[in-house]
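# Coordinates for the following, if possible.
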Amino acid sequence: MTFPKKTFEIDGSTMSVVDVGSGPAVLLAHGWLCDASMWDAQIRALASRYRVIVPEMWGHGESAAMPNTAEVMRDLARQHCNLLDQLEVEKAAIIGLSLGGMWGAELALIAPARVSSLALLATSLAAEPPNSRAEFLAGVEDMADRGAVSSDLADALVSLLYSADFSAAEPAVVAAHRARLTAWEPERIADSVAPIGRIIFNRRDALADLQGLSMPVLTIAGAEDRALPKARVEQMAERIGSAFTEVPGAGHMLTYEAPAFLNEALLAFLASAP
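Predicted structure coming up:
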């Protein structure tokens with residue numbers, strides 16, 4: 001299902017945003033190398049009782065190039081706070097997966113009054129460990145040098161993003177994601193995708209700051225996540241005092257692998273938040 005999109009100018013560039021439904025605002029923040037369609041199952045589940053807002057990250061989906069005002073994760077958070085202003089949304093629940101959780105948490109830190117609750121899915125606000133940081137940044141620089149996601153890199157990425165069982169059961173879903181990876185335009189890789197990758201894997205350690213959040217926080221991880229192992233997500237939840245939910249058998253791409261489980265968990269969390 002295709003949802004209509006609106007565009008907003010932020011810092012001199014244009015951001016594409018799905019804005020459907022009515023009621024309390026819920027902002028869904030997608031992962032790196034994805035777009036708003038990642039959240040299709042959640043939009044359908046939430047839009048009957050919430051106003052669902054799904055911004056597409058710079059250079060992803062139909063959004064234009066990342067402005068040169070974005071250098072660190074907090075800059076991305078500030079730009080999305082600007083988006084909330086333009087949407088006339090005073091307060092929203094933020095649900096972010098991977099990259100989306102990273103900037104969503106930073107938004108909660110810089111503007112806590114704007115965030116009613118925060119769900120962090122398959123994400124970590126700790127600094128990336130040195131070994132995985134070096135490996136991921138090597139992939140970022142490979143795509144930057146080539147102006148493309150190579151076949152080998154695409155294979156490596158989908159093997160990290162999806163559990164082995166899901167890949168075997170739903171090969172068409174994984175193949176479609178792989179095809180999207182290799183279809184990135186050189187211009188978008190240069191102006192947005194690679195720079196955002198550097199922001200992700202060079203991110204600061206924000207755990208100490210997150211301990212001061214007062215809104216309800218839920219952390220969710222896939223039991224079979226190879227891109228961001230469950231243990232690291234659970235450690236973050238313990239450190240920041242968040243509730244933690246494990247998704248059995250799922251990998252990193254929770255919205256594709258376990259949509260019904262995820263929808264139930266998110267609806268319960270949103271309903272319980274003040």
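
# center of the chain - which residue?
By C-alpha atoms, centre = their mean, the mean C-alpha position of the chain lies nearest to Gly100, the distance being 2.6 Å.

# contacting residues around the host helix or strand of that residue?
According to DSSP states H and E, Gly100 maps onto helix 99-110. By C-beta atoms under 8 Å, 6 or more residues apart in numbering, the surrounding residues in contact with helix 99-110 are 27-32, 57, 73-74, 76-78, 80-81, 94-96, 114-115, 118-125, 196, 200, 203, 206, 209-210, 213, 215. For glycine as for every other residue, the C-beta is placed from the backbone atoms N, C-alpha and C.

# Strands - which of these land there?
Those of those mapping onto strands are 27-29, 94-96, 115, 118-121, per DSSP state E.

# one step back: now the residue nearest to the centre of the chain. Nearest residue, chain neighbours left out?
Using C-beta to C-beta, 6 or more residues apart in numbering and skipping the chain neighbours, the partner closest in space to Gly100 is Ala29 (2.7 Å).

# same check, this time on Arg133
That would be Phe201: by C-beta to C-beta, 6+ apart, it lies 5.1 Å from Arg133.

# For that neighbour, the count of nearby residues, please.
The number of residues packed near Phe201 is 19, by other C-beta atoms under 10 Å.

# so where is the stretch 51-200 of the chain shaky, pLDDT-wise?
Scanning the stretch 51-200 of the chain for pLDDT under 70 picks out nothing.

# What distance do you get for the closest residue to Arg232 other than its chain neighbours to Pro112?
In space, and not counting its chain neighbours, Arg232 is closest to Ser124: 5.4 Å by C-beta to C-beta, 6+ apart. Per C-beta to C-beta, to the nearest Å, Ser124 is found 20 Å from Pro112.

# So Gly147 sits against Ala190, correct?
Yes - using C-beta atoms under 8 Å, Gly147 is in contact with Ala190, at 6.6 Å.

# how about stretch 38-58 as PDB, C-alpha atoms only?
Listed next in PDB are the C-alpha coordinates belonging to stretch 38-58 (Å, rounded to 0.1, in the frame of the first residue of the first chain):
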ATOM      1  CA  MET A  38       9.500   0.000   6.100                       C
ATOM      2  CA  TRP A  39       6.700   1.000   8.400                       C
ATOM      3  CA  ASP A  40       3.700   0.100   6.200                       C
ATOM      4  CA  ALA A  41       2.400  -2.600   8.600                       C
ATOM      5  CA  GLN A  42       2.700  -0.200  11.500                       C
ATOM      6  CA  ILE A  43       1.000   2.700   9.700                       C
ATOM      7  CA  ARG A  44      -2.000   0.400   9.000                       C
ATOM      8  CA  ALA A  45      -2.200  -0.700  12.600                       C
ATOM      9  CA  LEU A  46      -1.800   2.700  14.100                       C
ATOM     10  CA  ALA A  47      -3.600   5.200  11.800                       C
ATOM     11  CA  SER A  48      -7.100   4.300  13.000                       C
ATOM     12  CA  ARG A  49      -6.400   5.800  16.400                       C
ATOM     13  CA  TYR A  50      -3.200   8.000  16.000                       C
ATOM     14  CA  ARG A  51      -1.900  10.600  13.700                       C
ATOM     15  CA  VAL A  52       1.100   8.700  12.100                       C
ATOM     16  CA  ILE A  53       4.000  10.800  10.800                       C
ATOM     17  CA  VAL A  54       6.800   9.000   8.900                       C
ATOM     18  CA  PRO A  55       9.600  11.300   7.700                       C
ATOM     19  CA  GLU A  56      12.000  10.000   5.200                       C
ATOM     20  CA  MET A  57      15.700  10.500   6.000                       C
ATOM     21  CA  TRP A  58      17.700  12.800   3.800                       C
END
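
# buried set for that stretch?
Within stretch 38-58, the residues scored as buried using 16 or more other C-beta atoms under 10 Å are 38-47, 50-58.
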